[in-house]
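# Give me a 3D structure for the following:
(one chain, ligands or ions: 1)
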Amino acid sequence: MSVIAVILLVITICIVFIPWYNKHRRYIKHLERYPSPPRVFLLGNALDFRQPTAFIRKFGEYARLYGDVVKIYVGPFPTKLLVSNYKLVEQVLSSNKNLNKGKEYQYLSKWLGRGLLICDGDSRWKSHRKLLLPSFHVQVFEEFLHVFETKTQLLVRKLETELDSSSFDIQPYIQLCSLDIICEAALGTSIHAQEDGDSDYVKSISTMCTLFIKRSFNPRLRNNFLYKYSDVYREEERVIKILHRHSSEIVERRKKELQQMELVQDEFGLKKKLTLLDLVLVKRNDVPTLTDIAIREEIDTFMFAGHDTTAAAMGFTIFCLSEYPHIQNKVMDELNAIFVGDVNRSVTLQDINEMRYLEAVIKEALRIYPPVPYYSRMVTEELNFEGGIIPQGISLLLDVYGLHHNPEYFPDPDKFLPERFLGDRGPNGLPYSYIPFSAGPRSCIGQKFAMLEMKTALSILLRHYEFLPSTPKHILSLSAVIVLSSSNGVRVRIRRRIKRTTSPTGYNS
Ligand code: HEM
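Numbers count the residues shown, from 1 in each chain. So this is what the prediction gives:
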């Protein structure tokens, strides 16, 4: 190697390595007071997260052994804090600062671009959120009830094949139903996921989630340069093409249809055949950053953020109901009073408002099994917390699962007790201890949509079927692949619910 080459190498090292090293030394200094689990040289704690099923167990163990703010190393330096400290969670979520998501979210950026979920919390995010918010108004949702209903009726028919099974995994059924719902409600198009679960689009969504988790905790794949030479990268390129082609085609088709439609404008834009995409298309001229690509990104975001989460919540709610028959009976009493024994009557918004106990049941299932068990925020403005500093560049991993299972906030945390949610003030008067939809400025925009979808779908399913525990008893193996799932399925048994003959209303099994 020539002298010049050596000098250039030294200069490069100085330019790249020294600032990088200094930044991380700062982290070490400021984060000194937080404990950390034992780690491996250069790899840090990465080896603890080779399996998605390890997350819940490992994070639980970290919090138990090291406290409610734990330093995590992914590589040679600390980059994350696992946070289940109520005060810090409140400080982060309620603030208008530090609205950027953690670094891991970038790994979804090829798919979701700068869509609402993963974009930085800047003025662009603010204007898009403001524009999209009216699309999630309850008045708009009345249009979606029909979609929720027809897709759930199809699910009811699909489940008939399981009537004789001693147990089966209900999750894939619900997942496809939820995908059908979000596609029809968000895009106004039917992808017939329940009829063709093997479609490339459906499979690509699930592959993307798996690739994301592979990258998040693998130091080699986290490096953008090395990542480009991996199999994971090639697989990602393949599925992204499928996902983008699908949503772009739909956006283009819908744009043409809208031009041809005779529009009757109301305060939300359209009166008939309203979809989330229509609402965005109608309002696009108000926001210059809402280009064709940005619209596709928002639609991809709805697809991603809106289907797996809701499916997980419904699957776990059904599992809880199968395990707690007396609670299922209470839900049925409520449904009997509302539908007066009619299995087929359509659900109205008025009915939904009356389903208070079912709502408490769903909320309690969201507590025990939060569909997004962890989410993260990047510290962009250093935080003052308990007399110390959390420096810029650190990612805060908010431990929703840990908070929801903390006996201090929820006595008997593993018990399914919907009654916790029947009062007006929430379960304990501590709003940041229960955050399945996050909270504050970047909370879930689809929360009301999801609750409406779940209440409609569950009220239909429960009028048709009784959910029973599987034999032998099924123990869930929880796995956090962005969204909480059970790696051995969500197994239950079903029995057709028969209308009671002794009483004018109600059902029996
Ligand atoms: C039970 C169902 C759902 C759960 C548990 C859930 C949970 C969450 C959580 C925890 C966040 C914050 C994530 C973070 O900070 O990284 C979030 C954000 C978001 N959710 Fe949901 N979600 C659900 C359903 C939906 C639905 C149905 C939609 C759309 C139709 C949706 C769209 C979004 C969007 C766009 C954001 C980003 C909001 C922003 O940053 O401004 N979600 N959701």
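
# what pLDDT does the residue in the chain positioned nearest to the ligand get?
Nearest to the ligand, among the residues of the chain, is Gly446, at 2.2 Å (CB to the nearest ligand atom). No exception for glycine: its C-beta is placed from N, CA and C like everyone else's. Per-residue confidence (pLDDT) for Gly446: 94.

# now it, nearest residue through space, not along the chain?
Distances taken as CB to CB, 6 or more residues apart in numbering place Gly306 nearest to Gly446, at 5.2 Å, with adjacent residues excluded.

# Same check on Gly440?
Nearest to Gly440 is Leu93, by CB to CB, 6+ apart, at 4.2 Å.

# coming back round to it: surely the residue of the chain closest to the ligand touches Phe302?
Yes. The criterion here is CB atoms under 8 Å, and Gly446 meets it with Phe302 at 7.3 Å.

# ok, now how distant is the residue nearest to Gly446 from Ile299?
Distance check for Gly306 against Ile299: by CB to CB, to the nearest Å, it reads 10 Å.

# Find residues that contact each of these two.
By CB atoms under 8 Å, 6 or more residues apart in numbering, Gly306 and Ile299 have these common neighbours: Ala186.

# got a list of what Ile242 touches?
Ile242 neighbours (CB under 8 Å, 6+ apart): Asp200, Tyr201, Ser204.

# okay, the residue positioned nearest the centre of the chain: pLDDT?
Centroid-nearest residue in the chain, with CA atoms, centre = their mean: Thr309, separated by 4.0 Å. Note on Thr309: pLDDT of 95.

# now the one 4 residues further on
At Ala313 the predicted local distance difference test score is 98.

# And Pro78, by the same measure?
At Pro78, the model reports a pLDDT of 83.

# Use 54 as the first number from now on
Fine by me, first position is 54 from now on; the one you just mentioned is Pro131.

# residues in contact with the nearest residue to it once chain neighbours are set aside?
What sits nearest to Pro131 in space, not counting adjacent residues and going by CB to CB, 6+ apart, is Lys124, at 4.6 Å. Applying CB under 8 Å, 6+ apart, one finds that Lys124 lies in contact with Leu84, Tyr87, Pro88, Ser89, Pro131, Lys133, Leu134.

# Does the second one touch Val123 like I think?
Yes. The criterion here is CB under 8 Å, and Tyr87 meets it with Val123 at 6.6 Å.

# Quick check on Thr132: phi, psi?
phi -130, psi -20 (degrees, to the nearest 10).

# Ignoring the adjacent residues along the chain, who's closest to it?
Using CB to CB, 6+ apart, the closest residue to Thr132 is Ser448 (6.1 Å).

# List the residues that contact that neighbour.
Ser448 neighbours (CB under 8 Å, 6+ apart): Thr132, Lys133, Leu134, Gly155, Lys156, Glu157, Ser429, Arg430, Met431, Val432.

# any idea how far Ser540 is from it?
Ser448 is 25 Å from Ser540, by CB to CB.

# ditto for Leu165
Counting by CB to CB, the gap from Leu165 to Ser540 is 25 Å.

# And the two? Which one has more around it.
Neighbour totals were compared for Leu165 and Ser540, and Leu165 leads with 23 against 12 (other CB atoms under 10 Å).

# on that earlier part again, so which helix or strand takes in the residue nearest to Gly499?
helix 345-376 (DSSP states H and E).

# Run through who's touching the helix or strand just after that helix.
Per DSSP H and E, the first helix or strand lying C-terminal to helix 345-376 is helix 378-392. With contacts defined as CB under 8 Å, 6+ apart, helix 378-392 is touched by 373-375, 398, 404, 407-411, 414, 469, 471, 512, 515-516, 519-521, 558-560.

# Okay, strands next: where are they in the stretch 54-203 of the chain?
Counting by DSSP state E, counting those that start in this stretch, one finds strands in the stretch 54-203 of the chain at the ranges 122-126, 131-136.

# Show me what the last one is packed up against.
The contact analysis (3 or more CB pairs under 8 Å, 6 or more residues apart in numbering; DSSP states H and E) places strand 131-136 against helix 56-83, helix 107-119, strand 122-126, strand 448-452.

# so how far is that strand off the chain centroid?
With CA atoms, centre = their mean, to the nearest Å as the basis, strand 131-136 stands 21 Å off its chain's centre.

# Name every strand pairing with that strand and say which way it goes.
strand 122-126 (antiparallel), strand 448-452 (parallel) (DSSP bridges).

# Around the ligand, pick out the residues from this protein.
154, 169-170, 182, 354-355, 358-359, 362-363, 366, 424-425, 428, 489-491, 495, 497-499, 502-503 (CB under 6 Å from any ligand atom).

# out of the residues you listed, which are buried?
Buried members of these, scored by 16 or more other CB atoms under 10 Å, are 154, 169-170, 354-355, 358-359, 362-363, 366, 424-425, 428, 489-491, 495, 497-499, 502-503.

# Endpoint to endpoint, stretch 234-246 covers what distance?
Terminal residues of stretch 234-246 are spaced 10 Å apart (CA to CA, to the nearest Å).

# and if you look at stretch 140-157?
First residue to last in stretch 140-157 (CA to CA) measures 24 Å.

# Can you mark which positions in that stretch are buried?
141-146, 151-157.

# Show me these that map onto helices.
Taking DSSP state H as the definition of helices, the buried residues of stretch 140-157 contribute Leu141, Val142, Glu143, Gln144, Val145, Leu146.

# Turn the residues you listed into JSON lines, including distance to Thr106 and pLDDT.
Shown next, in JSON lines, are those (distance: CB to CB, whole Å; pLDDT from 0 to 100):
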{"residue": "Leu141", "distance to Thr106": "27", "pLDDT": "98"}
{"residue": "Val142", "distance to Thr106": "25", "pLDDT": "98"}
{"residue": "Glu143", "distance to Thr106": "30", "pLDDT": "97"}
{"residue": "Gln144", "distance to Thr106": "31", "pLDDT": "97"}
{"residue": "Val145", "distance to Thr106": "27", "pLDDT": "97"}
{"residue": "Leu146", "distance to Thr106": "27", "pLDDT": "97"}
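
# and the two most separated of these?
Within these, two members stand farthest from each other by CB to CB: Leu141 and Leu146, at 9.6 Å.

# If anything else comes up later, I'll come back, but that's it for now.
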